[in-house]
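Undergrad: Quick one: sequence plus predicted model below, questions after.
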Amino acid sequence: MNILTNFLKSRYDRTIPYTYHAKRQVFQGDDEITIDWISDTLCGLCNFLKKKKEDPTEIIIYECFHDNKKHKNKEVVIPPEVYCNENKWKPKKELCAAHQRYGTPGSEGDCKFMNKNQKTITCN
């Protein structure tokens, strides 16, 4: 596989999320006022939230998919056990196991997101 094909592979692979969206309610039970973050990778998002000392039990993380047969431009909630253990953020290597959801062995060297930016943006 040439370098350009490898670089563009995850950007156009519609079987994996194009981004991740995390949300925390400012007032419990009120979805109208939230703090939101987005990142191209789950590990980038979780590491950012960990550094900001966000409580993973107060965060909902969504996988955002392009329109395809399986997902119709929608956000899919990721089960908390994918990104936290005992109310603590999982370390990056354990987050790699989440890639098993996309048909890979779930190791760092086998990441379908290697060419994506791990930067996280606060949306509001």
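TA: Looks like it came in fine. Predicted model only: the values in this text are computed from it and were never measured.

Undergrad: Going by C-alpha atoms from here, please, whenever you check contacts or count neighbours.
TA: Will do.

Undergrad: moving C-terminal of the helix or strand where residue 21 lies, what's the next helix or strand?
TA: For residue 21, the element it lies in under DSSP states H and E is strand 19-25. Counting by DSSP H and E, the next helix or strand C-terminal to strand 19-25 is strand 34-39.

Undergrad: Which elements pack onto that following strand?
TA: Applying 3 or more C-alpha pairs under 8 Å, 6 or more residues apart in numbering; DSSP states H and E, one finds that strand 34-39 contacts strand 19-25, helix 42-51, strand 120-122.

Undergrad: so which of those gets nearest residue 34?
TA: The closest of the helices and strands packed on strand 34-39 to residue 34 is strand 19-25. By C-alpha to C-alpha, the value is 4.4 Å.

Undergrad: what does that closest one contact?
TA: 31, 33-42, 45, 58-65 (C-alpha atoms under 8 Å, 6 or more residues apart in numbering).

Undergrad: Just the buried residues from these, in PyMOL please.
TA: Remark: buried members of the contacts of strand 19-25, expressed as a PyMOL selection using 16 or more other C-alpha atoms under 10 Å:
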select buried, resi 34+36+37+38+39+40+41+42+45+59+60+61+62+63+64+65
